[in-house]
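# from the sequence below, what's the structure:
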Amino acid sequence: MNFEQWRHNKRAWMFHFIGNETRAYDEYVIAYRHNPTAEAARSLGSITAKREKLIDAIRWFEEAVRLEPEDAETWFNLGFVRERGGLLREAIEAFREAVRLKPSVDRAWYGMGMTHAALGEHPEALQALEEAARLQPLNAEARYQLGMACFHCGDLKRTRAAIIELKNMDSKRANKLIKDTGSQEFDDLITQLPF
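Down below sits the predicted model:
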């Protein structure tokens, strides 16, 4: 066991726990220098992402997946910071790897769908968002995005089905989906809300 790495890792954890992100970051860096671990790299990635230092966050999460390539959650985090950093194709690759390793990571399916949608790749967005909605059947936002993907793919029947499912969960959000399509095709599904 590398005592110095262990000591700095524990100090980093303590500073992180009490909310002193700056000291936590410094201690994680020292721990990482003593013994590069995916755990330290993930922690450094999380702190830098929280600080909106996305280039550094990407670098740390890339290091974490290099050190521990079979960790689906780390791949998801890498996809998330890449997407936020505007690296959309690279984000999709990371999300895809996350779901390959662990198909039940609904956040990765959702992130992949949203990133494909941002690129105008609506059929690919639809596939990913269908899986996200299947894995989280009560997630109104996933259902809303699925409806938008269906609409952008020109599938009005599936858009209608998504609106109806969403209406059963969140009438306000279903009304927004109807409005955001810009189509009168779904006006019969509008719910009159009391507020």
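
# show me what the lowest-mean-pLDDT helix or strand in the chain is packed up against.
The weakest-scoring helix or strand in the chain, judged by mean pLDDT, DSSP states H and E, is helix 3-17 (a mean of 80). Contacts of helix 3-17 with other secondary structure elements, assessed using 3 or more Cβ pairs under 8 Å, 6 or more residues apart in numbering; DSSP states H and E, are made with helix 21-34, helix 38-50. Heads up, the C-betas are built off the backbone N, CA and C, glycines and all.

# now do 6 Å
In this structure, helix 3-17 makes packing contacts with helix 21-34, judged by 3 or more Cβ pairs under 6 Å, 6 or more residues apart in numbering; DSSP states H and E.

# shaky segments in this structure?
Scanning the chain for pLDDT under 70 picks out 1, 195.

# the same query, at a cut-off of 50, please.
Flagging of the chain using pLDDT under 50 yields an empty set of residue ranges.

# all helices of it, in order?
3-17, 21-34, 38-50, 54-67, 72-84, 88-101, 106-118, 122-135, 140-152, 156-169, 171-181 (DSSP state H).

# please produce JSON lines containing the ones you listed, extended by distance to residue 191 and mean neighbour count.
Conversion of the helices of the chain to JSON lines gives the following (distance: least, Cβ to Cβ, whole Å; neighbours: other Cβ atoms under 10 Å):
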{"stretch": "helix 3-17", "distance to residue 191": "45", "mean neighbour count": "16"}
{"stretch": "helix 21-34", "distance to residue 191": "44", "mean neighbour count": "18"}
{"stretch": "helix 38-50", "distance to residue 191": "38", "mean neighbour count": "21"}
{"stretch": "helix 54-67", "distance to residue 191": "39", "mean neighbour count": "20"}
{"stretch": "helix 72-84", "distance to residue 191": "32", "mean neighbour count": "23"}
{"stretch": "helix 88-101", "distance to residue 191": "33", "mean neighbour count": "20"}
{"stretch": "helix 106-118", "distance to residue 191": "25", "mean neighbour count": "23"}
{"stretch": "helix 122-135", "distance to residue 191": "20", "mean neighbour count": "21"}
{"stretch": "helix 140-152", "distance to residue 191": "14", "mean neighbour count": "23"}
{"stretch": "helix 156-169", "distance to residue 191": "6", "mean neighbour count": "17"}
{"stretch": "helix 171-181", "distance to residue 191": "4", "mean neighbour count": "18"}
